[in-house]
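Here is my input; please provide its structure:
(4 chains)
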4 protein chains.
Amino acid sequence: MSGAGAFLVPKHRLEALADGVFAIAMTILVLEVKVPELQDHRSAQELLAHLRHLVPTLLAYLFSFLFLGLFWVWHHRLASKLSQLDVPLLGLNLVFLALVSFFPFAAGVLGRYPTNPATLMVYLPTIGLILLTQWGTLELAVARGRVEATAPPAEVLAARKRNLRACGIFFLAAIPSALRVGLAPTVATLLLGIAFLIALKRAR
Amino acid sequence: MSGAGAFLVPKHRLEALADGVFAIAMTILVLEVKVPELQDHRSAQELLAHLRHLVPTLLAYLFSFLFLGLFWVWHHRLASKLSQLDVPLLGLNLVFLALVSFFPFAAGVLGRYPTNPATLMVYLPTIGLILLTQWGTLELAVARGRVEATAPPAEVLAARKRNLRACGIFFLAAIPSALRVGLAPTVATLLLGIAFLIALKRAR
Amino acid sequence: MSGAGAFLVPKHRLEALADGVFAIAMTILVLEVKVPELQDHRSAQELLAHLRHLVPTLLAYLFSFLFLGLFWVWHHRLASKLSQLDVPLLGLNLVFLALVSFFPFAAGVLGRYPTNPATLMVYLPTIGLILLTQWGTLELAVARGRVEATAPPAEVLAARKRNLRACGIFFLAAIPSALRVGLAPTVATLLLGIAFLIALKRAR
Amino acid sequence: MSGAGAFLVPKHRLEALADGVFAIAMTILVLEVKVPELQDHRSAQELLAHLRHLVPTLLAYLFSFLFLGLFWVWHHRLASKLSQLDVPLLGLNLVFLALVSFFPFAAGVLGRYPTNPATLMVYLPTIGLILLTQWGTLELAVARGRVEATAPPAEVLAARKRNLRACGIFFLAAIPSALRVGLAPTVATLLLGIAFLIALKRAR
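From the prediction side, this is the model:
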């Protein structure tokens, strides 16, 4: 399956797969919201009490749905900057899609145990990895000359800076959660955040 | 991730995501119809008795499927009036899609407890919110100048009037159900219905 | 939501929704094939014994998958004959898609209770209704003048005859199963089969 | 439903269905990763212990996701060589898609019982059959003259050789696993591997 010469996948194929994966991941989120089991099928009071218990899950659902929507917009914005996808870019984007379809699991843990401090150790790293693959996609495309020829350099630079800023802010904001886990993750998160902000300063 | 200058998403990307979300929401409806557990695997009588019990669930399934189909047609009809999507229009449409993929849960509650008066407090507000996001999308597009240049003004006005009429009729029709919940929701529903009918009168 | 003037949905939109519904219905089939629960997680013998029990379910899965594939091909072949979809054609096609996404349930009942005579009373009517909506779509398109202008009349006639033959053969072949249910369904099935064969004779 | 004259399905329709099936199969993989049940909903320690147990399942998930991604790339690469699909090519591709949507089940068995030697008897034959349908598609297209006219013969030959090499290597690599099952499967696997390598030598 190793390519002879440069093997390139047209961008619109990946976008069709990504649209499918996002649509399904968004819709699967709601599968975690289970129809409650009632003792008395006709009791409005019992059903309402169950629904009241579902409110945090519903909010986690809406929140995660909008998060996925944000990633979807970001992904298409990035893809509009690329020309074609070679094997490393494709690999990175498949990891990105794997993380996107893993997101409903992370959202399910958060929706089920909102008060458990360990849930953030699933949710936040998932978001962090999604951010990293998105940042990496554009950097890799620039390094490998796979940027769309019609995209103005100033716009590509602005997109790279947006990515660096988003990653930097996210990792610094994740420090309070990392502190609860231990010293090593905290230091790693801090260093990642600083590294992105330094890269942001230097990007041109 | 905040855009420099106006950030616009091409309409066909949202339509691809919407087609995916609708197709999945429609197909997930049927997951609520469970294969019955039989004591005697070969007993036709037992299976038929179980299937007879499933009839209300099946009707709720078909009904909800057609409802989603109606929303899908309506959504595409609306989208044909828009040119491109800016951030507020995109946000509103993501909320719309979140409600669409929440619909199978509401349909599941209705299919499982058809005789429970509280089920309508899940089903009707979901439909109401879907109607509101659709109405809001067109109004927002008109207000922000995102209406397709080729769409004749008379057609856009007719579409807006259809939305206002649909919302007005829906909220007035929901009053008997609101009465069962309490005074405050009844008054809110009544006021919403009247407001839409007044807006319909004044629309031009 | 009632249209002013003729409201038409472009065909490619319905095809996108249909592709989504078919892809999901096909993939959901396999959700009925459950990972077996083992007492001893490392026992190859126990896992193989469970897998051997799954063989009928797997065959039902493959069979139903190919059936859906056949309907998918047939649907696209039919759609290629249509120009645009008005409200009655759209409604009929939404019922068709509702039946397609109901198919995994029917396949699940067949895969779970292959020896139960009542399973055919779920599976066969589902297929029969799918055939009827497909036949009806083309007849309705002919009657309402929604046939693609570039489609040669001889080809449209051949397609209509294929539909009539398929329906006629299916209903006659379903008589032995109908006999097990009772006299009324048997007579209805017989009359339907004969009606389609007479229509086939007269079609021109 | 038997065609009058050659019945051909345009390639882009199959690609749309394939994109849908792949997107769903990839996303369904994660449904096997269940949100753990906690005794104490607020205990971080308990949640972390459960998550640690999920690590092999998560790795199996990522591994299977990337495998499906690889098949997706391969499928599109193959499809780019075809012109249109006649009935045998369509049938073979539906079997291919049936295997792809069966893949989450095989991945689920592997993720649940990674130490059970019999899991490979589900996982490896599934991959083997996927490879065989892909190899068969191109060979059939060549034999039936359904190769894209614009595809250079040297590229088609290179693609066929890649398929033969992939099949040959896979079957030889599967021999150690076949040995655990019995003599007959081992001999069959060995012969298949040798046959593909001989075909590779002779292909021109």
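
ok now do residue A:149, which residues does it touch?
Residues in contact with residue A:149 (Cβ atoms under 8 Å, 6 or more residues apart in numbering or on different chains) are residue A:83. Every residue, glycine included, has its C-beta placed from N, CA and C.

gap between it and chain B?
Here residue A:149 is placed at a distance of 19 Å from chain B (Cβ to the nearest Cβ, to the nearest Å).

right, and residue A:27 touches residue B:25 too?
Yes. In this structure residue A:27 lies within contact range of residue B:25 using Cβ atoms under 8 Å: 5.8 Å.

what about residue A:184, neighbour count?
Applying other Cβ atoms under 10 Å in any protein chain shown, we find 9 other residues in the vicinity of residue A:184.

Spell out which residues of chain A are next to chain C.
Residues of chain A lying close to chain C (Cβ under 8 Å from any Cβ of the partner chain) are residue A:20.

mind listing the helices for chain A?
In chain A, the helices defined using DSSP state H lie at A:11-28, A:44-79, A:87-112, A:120-143, A:153-173, A:175-181, A:183-202.

any chance of these in TSV, plus distance to residue C:120 and mean pLDDT?
Converted to TSV, the helices of chain A look like this (distance: least, Cβ to Cβ, whole Å; pLDDT from 0 to 100):
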stretch	distance to residue C:120	mean pLDDT
helix A:11-28	32	90
helix A:44-79	37	88
helix A:87-112	37	91
helix A:120-143	46	92
helix A:153-173	56	93
helix A:175-181	56	86
helix A:183-202	59	94
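
Adding distance to residue C:33, write the ones you listed out as CSV.
Formatted as CSV, the helices of chain A follow (distance: least, Cβ to Cβ, whole Å):
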stretch, distance to residue C:33
helix A:11-28, 19
helix A:44-79, 28
helix A:87-112, 20
helix A:120-143, 28
helix A:153-173, 40
helix A:175-181, 39
helix A:183-202, 40
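
Go through those helices and name the closest to residue B:50.
Within these, the stretch nearest residue B:50 is helix A:44-79; the backing value is 23.8 Å (Cβ to Cβ).

Run the contact check for that closest one versus chain B.
Yes. Taking Cβ under 8 Å from any Cβ as the criterion, helix A:44-79 and chain B are in contact, through A:44-45, A:47-48, A:51, A:61-62, A:65-66, A:69-70, A:72-74, A:76-77.

quick one: contacts for the closest residue to chain D within chain A?
Ranked by Cβ to the nearest Cβ, the top residue of chain A for proximity to chain D is residue A:20, at 2.7 Å. For residue A:20, the residues meeting the contact criterion (Cβ under 8 Å, 6+ apart) are B:20, C:23, D:19, D:20, D:22, D:23, D:24.

Over to residue A:40?
Neighbouring residues of residue A:40 by Cβ under 8 Å, 6+ apart: residue A:46.

Packed most tightly, which of the helices of chain A would that be?
Comparing the helices of chain A by mean neighbour count (mean count of other Cβ atoms under 10 Å in any protein chain shown), helix A:11-28 ranks first with a mean of 24.

tell me the centre residue of chain A?
Central residue check for chain A by Cα atoms, centre = their mean: the C-alpha nearest the mean position is that of residue A:130, 3.8 Å away.

Tell me the residues of chain A that contact chain D?
A:1-2, A:4, A:7, A:9, A:13, A:16-17, A:19-21, A:23-25, A:28, A:31-32, A:90-91, A:94-95, A:97-98, A:101-102, A:104-105, A:108-109, A:112-113, A:115-119, A:121-122, A:180.

measure residue A:89 to residue A:145 for me?
Distance from residue A:89 to residue A:145, counting by Cβ to Cβ, to the nearest Å: 11 Å.

wait, I meant residue A:137
Relative to residue A:145, and taking Cβ to Cβ, residue A:137 is found at 14 Å.

on that earlier part again, chain neighbours aside, what residue packs nearest to the residue nearest to the centre of chain A?
Setting aside the residues directly before and after it, residue A:130 is nearest to residue A:99 in space (Cβ to Cβ, 6 or more residues apart in numbering or on different chains), at 4.9 Å.

try residue A:64
residue A:107 (3.7 Å).

Residue A:76 now?
For residue A:76, the spatially nearest residue (Cβ to Cβ, 6+ apart) is residue B:13, at 5.6 Å.

Run through the residues that contact that neighbour.
Under the criterion of Cβ under 8 Å, 6+ apart, the contact partners of residue B:13 comprise A:15, A:19, A:76.
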